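Student: When you get a sec, could you give me coordinates for this:
(chains A and B)
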Amino acid sequence: MSTPTLVMTEADRVAERLYRRRSIRNAISMTLGCAAAIFGLVFLFWILWTTVSRGVGGINFALFTQSTPPPQTEGGLANALFGSLVMCGLALLIGTPLGIAAGTWLAEYAGARKLGTVVRFVNDILLSAPSIVLGLFVYTVVVAQMGIGFSAIAGAISLAFIVLPVVVRTTDEMLRLVPGQMREAALSLGVPHWKVIVQVLYRSASGGILTGILLALARISGETAPLLFTAFGNQYWSTKLTRPMASVPVVMYQYSGSPYESWQQLAWAGALVLTTFVLLTSLIARAIILRKKIRHD
Amino acid sequence: MTSITASTDLELQASRDARKDAAFRLILALTAVFVLIALAAAALSMLWGGRAVLAQEGLSFFFSTDWNPVEDKYGALVPIYGTLVTAAIAMLIAVPASFGIAYFLTELAPDWMRGPVGSAIELLAGIPSIIYGMWGLFVLVPMMTEHVTPWLNDNLGTLPLIGPLFRGPPLGIGMLTAGLVLAIMVIPFIASIMREVFLTVPSRLKESAYALGSTRWEVVRDVVVPYTRTATVGGIFLGLGRALGETMAVAFVVGNNVRFSPSLLEPGTTIAALIANDFAEATETYRSALLLLGFVLFMVTFVVLAAARLMLSRLARREGT
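Tutor: Prediction:
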């Protein structure tokens, strides 16, 4: 009677020990996982908090109406905001049509072609290539070779190279999501392929493509590195596309490293405006995608 | 008679449509090829711009630490070393943290939490890198000066072997700080890719493991990780590519010093930070040297990103079948 109980407890003890070790490991892993998530969120709120608390003091009317000041005097970011607006707008104007066209080719014509695979691969690399490298590229081609010099148009072109792969990717993905029956239905009515694409497929994928454009906008509005030696920067209000132009991120870069309190304040005000804009744009982009998803389901 | 004109009209219409179709298709194909040309032209333009310094310095450009534009000497080992070291520090911190976050978001968090926390992490990935740089300069640097650097000097600086890495003046700026800022910047990026990758594991696999009595950790270690291994590494490489090429987050806090120092607490520089700081004012050979550095950076990130994409696409292919 006693022997089997003894054997049982022996086996039980082994099982018990194994079980305990496994649950301890599990508990440790879960604690670390939660800690990592908290760690990530802490930095998110810390960075946002720093931006808001330091930037909010610089938000006033003058920020949007006056140009960047000389050291130790009051001023605003009007010329930089205008410059960012102009260059981002131009970049979208250049990059979006090219991106949509290339994305359409990938989705509709490339099929299983080698060229399609290569373009997709290269586009993905362009998507995450260091932006400073694109700035150097545009510098050598547009600023130095074509002799335009530091200019707003060069800045816009360098940003367009960041827009391009984002739009190519989303257009490609969104068009491939359009059901094949839609193409077949339109084609069977005798509608030419290009008309099917422009009038049927684009309409159906418009939400997704718009999301891509908004995401690209969110990305370029904060880009600094490629603008440093393409658009350069400008202390004064300028509307000429062939002259250097100020932009919010470049002004932030120059002013936050300066010893002047008023310049640092402007840099943080710029940071707050920029972060708000970027977060809002990506939230809108997300909302469009979500609405789309719900409608499809 | 009318039927004949009608049919020729139709034929005309058809041939016009065919021509338009062909033209449309050609234009689209040209833009697609433009993407290829853009990447190749970017690489070649920098190599072309760097030919002057390559002719002057030869291969010692890559192996000399003597970077002195005033004396017209260009050895780029220090910025290359700085780029690799800061990226390595960043990955050392970011990979475990991102893994933990992805683990949390796919296995641990209650359902109502997954959406918002996942979105928050993704939003963090969208914040412009210059904000990270400014935050690093104004918040992290003072903290490093007051607390972290003295502590490292007292504790790790006295150790044999790794000691010299952690000895240095309490400046706050330096490669360690740059690595930390980079880590904070790439964590959300890697974490959101890992989360997406983990979500591709078929739930029947995970549920079978749970049914056999596995703990959550065992499910992740023995089912999720083996299933997604290549794609996970691909995601890590994408983050590495970002860390290597990041400019603004680093330029603020790395110190921009081109003299070699073994200590992580001393100011150093990276390729991207050096270009950002000096390019606009550089002339002649100096400009050429910076362009060649840009080419080096481009090639390194190209290899890393290409490897990342290949590994990620393998998962996509498996999903497809």
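Student: residues contacting B:A289?
Tutor: B:G50, B:V53, B:E57, B:F61, B:P69, B:Y74, B:A76, B:A282 (Cβ atoms under 8 Å, 6 or more residues apart in numbering or on different chains). Yep, even glycine has a C-beta here, placed from its N, CA and C like the rest.
Student: element containing it, please.
Tutor: helix B:284-320 (DSSP states H and E).
Student: Pipe the contacts of B:A289 into TSV and attach distance to B:R221 and pLDDT per row.
Tutor: As requested, the contacts of B:A289 are exported to TSV (distance: Cβ to Cβ, whole Å; pLDDT from 0 to 100):
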residue	distance to B:R221	pLDDT
B:G50	47	88
B:V53	50	87
B:E57	49	83
B:F61	45	86
B:P69	52	83
B:Y74	48	87
B:A76	42	86
B:A282	51	81
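Student: where does the stretch 201-321 of chain B have low pLDDT?
Tutor: B:315-321 (pLDDT under 70).
Student: I'd like to know which residues of it are adjacent to chain A.
Tutor: Within the stretch 201-321 of chain B, the positions near chain A by Cβ under 8 Å from any Cβ of the partner chain are B:215-218, B:220, B:238, B:241-242, B:244-248, B:251-252, B:272, B:275-276, B:279-280, B:290-291, B:294, B:297-298, B:301-302, B:305-306, B:309.
Student: can you rerun that using 7 Å?
Tutor: Contact residues, the stretch 201-321 of chain B versus chain A (Cβ under 7 Å from any Cβ of the partner chain): B:215-217, B:238, B:241-242, B:245, B:247-248, B:252, B:272, B:275-276, B:279-280, B:291, B:294, B:297-298, B:301-302, B:305-306, B:309.
Student: From the residues you listed, list the buried ones, please.
Tutor: Burial by neighbour count, judged by 16 or more other Cβ atoms under 10 Å in any protein chain shown, picks out B:215-217, B:238, B:241-242, B:245, B:247-248, B:252, B:272, B:275-276, B:279, B:291, B:294, B:297-298, B:301-302, B:305-306, B:309 from these.
Student: and residue 170, how many residues sit next to it?
Tutor: I went with chain A, as the question did not name one. A:T170: 25 surrounding residues under other Cβ atoms under 10 Å in any protein chain shown.
Student: switch to chain B, that's the one I care about
Tutor: B:P170: 15 neighbours (other Cβ under 10 Å).
Student: List phi and psi for it.
Tutor: For B:P170, the backbone dihedrals (degrees, to the nearest 10) come out as phi -80, psi 70.
Student: wait, isn't it in contact with B:M143?
Tutor: No. Counting by Cβ atoms under 7 Å, B:P170 sits too far from B:M143 to count as a contact (11.1 Å).
Student: Could you find the closest non-adjacent residue to the residue in the stretch 51-200 of chain A that chain B sits nearest to?
Tutor: Scanning the stretch 51-200 of chain A for proximity to chain B using Cβ to the nearest Cβ identifies A:P130 as nearest, at 2.5 Å. Distances taken as Cβ to Cβ, 6 or more residues apart in numbering or on different chains place B:G245 nearest to A:P130, at 2.5 Å, with adjacent residues excluded.
Student: Might you report the residue contacts of that neighbour?
Tutor: Counting by Cβ atoms under 7 Å, 6 or more residues apart in numbering or on different chains, B:G245 touches A:P130, A:I132, A:V133, B:A272, B:L297, B:T301.
Student: One more: A:A285?
Tutor: A:A285 neighbours (Cβ under 7 Å, 6+ apart): A:T211, A:L214, A:L215.
Student: what about it, which helix or strand?
Tutor: helix A:261-296.
Student: That helix: how far from the chain's middle?
Tutor: 10 Å (Cα atoms, centre = their mean, to the nearest Å).
Student: Can you point out the buried residues in that helix?
Tutor: A:262-275, A:277-279, A:281-282, A:285-286, A:288-289, A:292.
Student: mean confidence score for stretch B:101-116?
Tutor: Regarding stretch B:101-116, the rounded mean pLDDT is 89.
Student: Whether it contacts chain A - can you check?
Tutor: Yes. If you take Cβ under 7 Å from any Cβ as the test, stretch B:101-116 does meet chain A, through B:I101, B:Y103, B:F104, B:L108.
Student: contact partners of that stretch?
Tutor: A:30, A:33-34, A:36-37, A:40, B:117-118, B:121, B:191, B:194-195, B:198-199, B:216, B:220.
Student: With stretch A:219-230 instead?
Tutor: For stretch A:219-230, using Cβ under 7 Å, 6+ apart, the contacting residues are A:84, A:88, A:91, A:131-132, A:134-135, A:138-139, A:143, A:150, A:154-155, A:158-159, A:162-163, A:166, A:247, A:249-250, A:253, A:274, A:277-278, B:128, B:130, B:247-248, B:276, B:279-280.
Student: Same check on stretch B:30-49?
Tutor: A:98, A:101-102, A:105-106, A:118-119, A:122-123, A:125-126, A:133-134, A:136-137, A:140-141, A:161, A:164, A:168, B:288, B:291, B:294-295, B:298.
Student: So for it, mean pLDDT?
Tutor: 91.
Student: Flag every buried residue along that stretch.
Tutor: Result for stretch B:30-49 [16+ other Cβ under 10 Å]: buried residues B:31-32, B:35-36, B:38-39, B:42-43, B:45-49.
Student: Closest to A:P71 out of the residues you listed?
Tutor: Comparing those against A:P71 with Cβ to Cβ picks out B:G49 as the nearest, at 34.3 Å.
Student: So for the closest one, what's the nearest residue that isn't a sequence neighbour?
Tutor: Closest to B:G49 by Cβ to Cβ, 6+ apart is B:L291, at 3.5 Å.
Student: dump the residue contacts of the one you found.
Tutor: A:L136, A:T140, B:M46, B:G49, B:G50.
Student: sorry, back to before: so which of the contacts of A:A285 belong to strands?
Tutor: Under the assignment DSSP state E, these contribute nothing to strands.
Student: For those residues, could you give me a markdown table that also reports pLDDT?
Tutor: Formatted as a markdown table, the contacts of A:A285 follow (pLDDT from 0 to 100):
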| residue | pLDDT |
| --- | --- |
| A:T211 | 90 |
| A:L214 | 93 |
| A:L215 | 91 |
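Student: what's the closest of those residues to chain B?
Tutor: Closest to chain B, out of all of the contacts of A:A285 and judged by Cβ to the nearest Cβ, is A:L215, at 8.2 Å.
Student: residue contacts, that closest one?
Tutor: A:V166, A:S282, A:A285.
Student: What segments of the chain are strands?
Tutor: Because you didn't say which chain, this covers chain A. Using DSSP E, strands in chain A do not occur.
Student: You answered for a different chain; I wanted chain B.
Tutor: B:67-68, B:73-74.
Student: Tell me the strands beside the first one, with direction?
Tutor: In the sheet containing strand B:67-68, the strands it pairs with under DSSP bridges are strand B:73-74 (antiparallel).
Student: Flag the shaky bits of chain A, pLDDT-wise.
Tutor: A:1-8, A:292-297.
Student: tell me the angle the longest helix seen in it makes with helix A:261-296.
Tutor: The residue-count maximum for a helix in chain A (DSSP state H) belongs to helix A:2-55. For helix A:2-55 against helix A:261-296, the angle between stretch directions is 120 degrees (axes from the mean of the first three to the mean of the last three Cα atoms, to 10 degrees).
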